[in-house]
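Q: predicted coordinates and the sequence they were generated for:
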Amino acid sequence: MNKLIDIAYSKGFWLSSDASIYEAMACMIKNKNGSVVLLNKNKPVAIVTESSLLAKIEEGIDVTLPVISLAKSPVICTHYHRPIESAFDLVVSNNIRRLILIDDNNDYAGVVLQEDLFDYLEDDVYKVDLKVSDIISKDAMLISIYEESSLYDALHTMNKRGIGSVVIVNKEQQAVGIITEKDIISAGYQNIDMNKGVRLLMSSPVWSVQEDEAITDIIALMKDKRIRRVLVVDIHSQLRTLLTNRDIFQHIKGNVARILEIKLRHAKEIMNLLPEAIIEIFISSSQQSIEWMNSRAKLVFGEEFLSKSPQEMMGEKEWIELYDALIQKGTIEGSVVPFKDRSIEFSGTVSQNINSKYIKLIGRDITEQENIKQKLQLEVHEEVRLRRENEYLMMQQSRMASMGEMISHIAHQWRQPLAQLGGIFMNLQASYAFDELNQKTLDESVDDGNEMIKYMSQTIDDFRLFFAHDRVKESFDLLEYVHRATQIVLTSLDYHHIDVVIESSDSSYMGEGYPNEFAQAILNLLNNSMDALSSLAQIDKKIIIKLSHQDENAVISFCDNGAGISEDILSRIFEPYITTKQEEGGTGVGLYITRLIIEQKMLGEIRAYNNGSGACFEIKLPNF
């Protein structure tokens with residue numbers, strides 16, 4: 001909604017109430033409107049217009065005197081936040097050409113000019129087949145003077161007739177110019193001799209229109225030329241009268257109210273046809289009430305809520321939340337409010353009047369959509385639950401598979417110490433048989449056996465800790481747990497003649513997450529490469545693990561020199577149950593679990609690619 005302050009002039013239209021007539025003349029000439037508002041402590045107390053000065057200029061008044069003695073008081077004022085439409089009635093009813101605006105403290109805020117209101121006048125107001133002849137009276141007369149007349153003659157004629165302009169004609173009664181109050185004020189300000197001819201200051205040419213021309217065309221002409229008057233001529237080009245924008249405003253006053261009333265009724269008729277519920281709420285300092293509902297709103301909420309508080313309809317909590325959002329933002333969209341067994345989605349705006357607010361709400365019944373939404377949410381929750389269960393089962397399956405592989409690694413780890421223990425027992429038996437067993441030999445054999453047993457016990461502890469469940473996220477050294485995972489399978493790697501090279505540019509790489517799960521992810525990659533390399537006949541089998549820093553990430557590059565990953569499954573390598581070892585009993589969950597650990601548990605990234613020599617995996621984890 002456009003407000004009066006949006007089209008107001010705030011500068012160049014006011015003076016202090018103790019200003020002189022001369023200063024008022026200067027201000028009028030500068031603002032080119034012919035009026036000055038007088039202020040006392042920033043409050044408008046009077047207004048001076050050109051017509052107020054004309055009689056005194058004819059009398060030859062002293063222009064150094066205070067202008068307030070010629071001013072009109074009291075002045076017509078209105079609040080600067082009122083809608084522009086409210087100005088039409090004030091201007092026409094009070095027969096004024098300017099409207100003074102005041103703020104909440106009754107201080108001066110600006111001036112709205114009659115001619116500027118045309119730009120905001122609804123076309124429908126004057127597009128009712130009005131013609132010039134409908135506005136001018138049949139006995140209207142043109143007040144004119146001859147071009148040989150003096151400025152004083154023009155001034156005297158204006159004062160005698162009480163008019164603001166006079167047409168200048170030649171002997172053939174043809175209009176050659178026009179002189180206005182503004183021109184006389186300018187002459188008085190410049191101390192021009194009033195006995196000089198009117199041609200000195202008259203404006204020419206004079207814009208003329210025919211009696212049968214449409215008012216719409218006249219208004220367009222006035223807007224385009226920024227003029228307030230046109231000369232009316234009849235079909236024989238005889239001069240009839242002057243038509244001013246004030247005349248047009250006076251005539252269309254009734255049309256303004258009638259057209260606005262028709263528009264309001266028509267708008268409400270249209271709103272009654274809409275499928276949405278529309279509510280208008282009046283808000284003042286003392287009350288909040290529902291003023292109007294369209295047909296749909298009456299059907300959805302009930303006509304009994306008319307003239308009642310919106311709290312009664314929506315509930316206190318819901319209304320306060322909605323109202324606060326409207327006041328803070330000016331508009332709301334998509335606010336869902338429960339009503340009985342329904343869900344209503346509200347959108348709306350708030351309009352500010354002088355001492356009140358109007359809220360217009362559009363409500364849409366979205367009960368069906370909300371039910372579908374809730375059903376989908378339940379389905380999503382159930383799907384997430386099932387997926388988590390499936391992931392848990394996969395994790396357990398992966399752990400069981402890893403435990404099977406661990407048993408194989410333990411067997412490799414224990415094979416040598418068991419053989420050494422057997423050798424110790426054989427040596428003891430031989431020493432006893434040959435009567436060579438003494439205390440020293442016995443003690444040394446027992447110590448060696450205990451060392452073997454301690455080593456085997458430590459191996460069990462290492463494997464047990466590896467499978468311990470991490471319950472709390474913590475920061476840990478990535479490099480340390482890469483070494484731990486490698487140590488677990490080192491004997492198996494040696495058995496298959498596979499060398500592991502770990503390269504790092506720094507001594508530590510800190511990450512955050514679950515360290516044992518991270519080690520399991522590395523172990524999955526090691527087992528994957530070991531399976532690929534163990535079946536190859538080549539002699540030089542290698543796994544190279546490189547750690548480095550890249551921007552804000554720690555990067556772990558894991559490459560082997562095996563046969564690489566088949567292009568058929570490379571893009572799906574991290575999907576569950578994708579394996580190249582069906583015959584060997586591969587489950588296809590190891591790499592899937594590895595991706596879950598890296599991406600979901602540690603918020604990192606993992607990708608697989610072939611580098612020409614074999615398969616590579618690259619892990620990126622945020623530095624911590």
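A: Looks like it came in fine.

Q: name the SS class of K620, please.
A: Three-state assignment for K620 (DSSP: H, G, I helix; E, B strand; the rest coil): strand.

Q: measure it to E552 for me?
A: Counting by CB to CB, to the nearest Å, the gap from K620 to E552 is 10 Å. From N, CA and C alone the C-beta is placed, and that goes for glycine too.

Q: looking only at neighbour counts, state which of those two leads.
A: Counting neighbours by other CB atoms under 10 Å for K620 and for E552 shows that K620 has the greater number, 17 against 8.

Q: residues contacting the more buried one?
A: Listed by CB atoms under 8 Å, 6 or more residues apart in numbering, the contact partners of K620 are 550, 553-555, 604-606.

Q: tell me where the stretch 151-300 of the chain has strands.
A: In the stretch 151-300 of the chain, the segments counted as strands under DSSP state E, counting those that start in this stretch are 165-169, 175-180, 208-210, 229-233, 239-244, 277-284, 288-293.

Q: so how many other residues sit close to the closest residue to I76 other than its chain neighbours?
A: The shortest distance from I76 to any residue that is not its chain neighbour, by CB to CB, 6 or more residues apart in numbering, is 5.1 Å, and that residue is N94. Applying the criterion other CB under 10 Å, we find 10 residues in the vicinity of N94.

Q: tell me if I'm right that N94 and C77 touch.
A: No - N94 lies out of contact with C77 (CB atoms under 8 Å); the separation is 10.9 Å.

Q: quick one: closest of the strands of the stretch 151-300 of the chain to N106.
A: Taking CB to CB as the criterion, strand 277-284 is the member of the strands of the stretch 151-300 of the chain that comes nearest to N106, at 19.9 Å.

Q: quick one: secondary structure of A140?
A: Reducing the assignment at A140 to three states with three-state DSSP gives coil.

Q: so it sits against R240, correct?
A: Yes - here A140 reaches R240: they are 6.4 Å apart, a contact under CB under 8 Å.

Q: show me whatever sits in contact with both of these two.
A: Common neighbours of A140 and R240, using CB under 8 Å, 6+ apart, are V232.

Q: more crowded one of those two?
A: Summary of the neighbour comparison: A140 and R240, criterion other CB under 10 Å, with R240 having more neighbours (20 against 13).

Q: which residue is the nearest non-sequential neighbour of that one?
A: By the measure of CB to CB, 6+ apart, the closest residue to R240 outside its immediate chain neighbours is V232, 4.4 Å from it.

Q: okay, and the residue nearest to W319 when sequence neighbours are not counted sits in which element?
A: Distances taken as CB to CB, 6+ apart put Q311 closest to W319, at 4.6 Å, once the chain neighbours are dropped. Taking DSSP states H and E as the definition, one finds Q311 inside helix 310-314.

Q: packing partners of that helix?
A: In terms of contacts (3 or more CB pairs under 8 Å, 6 or more residues apart in numbering; DSSP states H and E), helix 310-314 is packed against strand 288-293, helix 316-329, strand 331-339.

Q: for Q238, what are its contacts?
A: Taking CB under 8 Å, 6+ apart as the definition of contact, the neighbours of Q238 are Q173.

Q: so it versus Q377, what's the distance?
A: Counting by CB to CB, the separation of Q238 from Q377 is 82 Å.

Q: deepest of the helices and strands packed on helix 310-314, which one?
A: For the helices and strands packed on helix 310-314, average neighbour numbers computed from mean count of other CB atoms under 10 Å are highest in strand 288-293, which has a mean of 18.

Q: and the nearest residue to D448 once chain neighbours are set aside, what element?
A: Setting aside the residues directly before and after it, D448 is nearest to I424 in space (CB to CB, 6+ apart), at 5.6 Å. Assessed by DSSP H and E, I424 sits inside helix 367-433.

Q: what's the average pLDDT for that helix?
A: Confidence for helix 367-433, expressed as mean pLDDT, is 74.

Q: before we move on, what about stretch 87-105?
A: 84.

Q: quick one: end-to-end distance for it.
A: According to CA to CA, to the nearest Å, stretch 87-105 extends 20 Å from its N-terminal end residue to its C-terminal end residue.

Q: also stretch 56-67?
A: Across its full length, stretch 56-67 reaches 11 Å between end residues, using CA to CA.

Q: do the same with stretch 292-310
A: As for stretch 292-310, its first-to-last residue distance stands at 12 Å under the measure CA to CA.

Q: buried sites along it?
A: The neighbour-count check on stretch 292-310 (16 or more other CB atoms under 10 Å) flags 292-294, 296-298, 300-301, 305-306, 310 as buried.

Q: ok, which pair from those residues is furthest apart?
A: Maximum pairwise distance in those, criterion CB to CB, is 16.7 Å, between R296 and P310.

Q: show me what contacts F624?
A: Remark: with contacts taken as CB under 8 Å, 6+ apart, F624 is in contact with 475, 510-512.

Q: and of the strands of the stretch 151-300 of the chain, who's closest to L39?
A: When the strands of the stretch 151-300 of the chain are ranked by proximity to L39, the top entry is strand 175-180, at 26.3 Å, counting by CB to CB.

Q: same list, the contacts of F624, but as JSON lines with distance to E333 please.
A: Formatted as JSON lines, the entries for the contacts of F624 read as follows, by distance: CB to CB, whole Å:
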{"residue": "S475", "distance to E333": "44"}
{"residue": "M510", "distance to E333": "46"}
{"residue": "G511", "distance to E333": "43"}
{"residue": "E512", "distance to E333": "40"}
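
Q: could I get those residues in a markdown table, plus columns for pLDDT, neighbour count and secondary structure?
A: Shown next, in a markdown table, are the contacts of F624 (pLDDT from 0 to 100; neighbours: other CB atoms under 10 Å; DSSP: H, G, I helix; E, B strand; the rest coil):
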| residue | pLDDT | neighbour count | secondary structure |
| --- | --- | --- | --- |
| S475 | 91 | 10 | strand |
| M510 | 91 | 15 | strand |
| G511 | 90 | 24 | strand |
| E512 | 90 | 16 | strand |
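
Q: quick one: which of the residues you listed is nearest to I219?
A: Nearest to I219, judged by CB to CB, of the contacts of F624 is E512 at 73.8 Å.

Q: so what's that closest one bridging to?
A: Counting by DSSP bridges, E512 is bridged to S475.

Q: surely it is in contact with K601?
A: No - proximity of E512 to K601 does not meet the contact threshold set by CB under 8 Å, at 10.0 Å.

Q: got a pLDDT number for the residue nearest to the spatial centre of the chain?
A: The residue at the geometric middle of the chain, judged as the C-alpha nearest the mean C-alpha position with CA atoms, centre = their mean, is K329 (11.1 Å). At K329 the predicted local distance difference test score is 88.

Q: likewise the one 4 residues further on?
A: Listed pLDDT for E333 reads 90.

Q: then V500?
A: According to the predicted model, the pLDDT of V500 comes to 93.

Q: does the nearest residue in space to it that is not next to it in sequence count as helix, strand or coil?
A: In this structure, V500 finds its nearest non-sequential neighbour in I543, 4.8 Å apart by CB to CB, 6+ apart. Following three-state DSSP, the label given to I543 is strand.

Q: next secondary structure element downstream of the helix or strand of the chain with the lowest mean pLDDT?
A: Per-element confidence for the chain was summarised using mean pLDDT, DSSP states H and E. The lowest value among helices and strands belongs to helix 123-126, with a mean of 50. Counting by DSSP H and E, the element after helix 123-126 in chain order, helix or strand, is helix 132-135.

Q: what is that following helix packed up against?
A: Where contact means 3+ CB pairs under 8 Å, 6+ apart, helix 132-135 is packed against helix 215-225, helix 245-273.

Q: least confident of those, on average?
A: Taking the mean pLDDT of each of those, the lowest value is held by helix 245-273, a mean of 69.

Q: all helices for the stretch 451-600 of the chain, in order.
A: The residue ranges that make up the helices of the stretch 451-600 of the chain, judged by DSSP state H, counting those that start in this stretch, are 478-488, 490-495, 515-534, 567-570, 590-595.

Q: between those helices, which gets nearest to A175?
A: Taking CB to CB as the criterion, helix 590-595 is the member of the helices of the stretch 451-600 of the chain that comes nearest to A175, at 92.0 Å.
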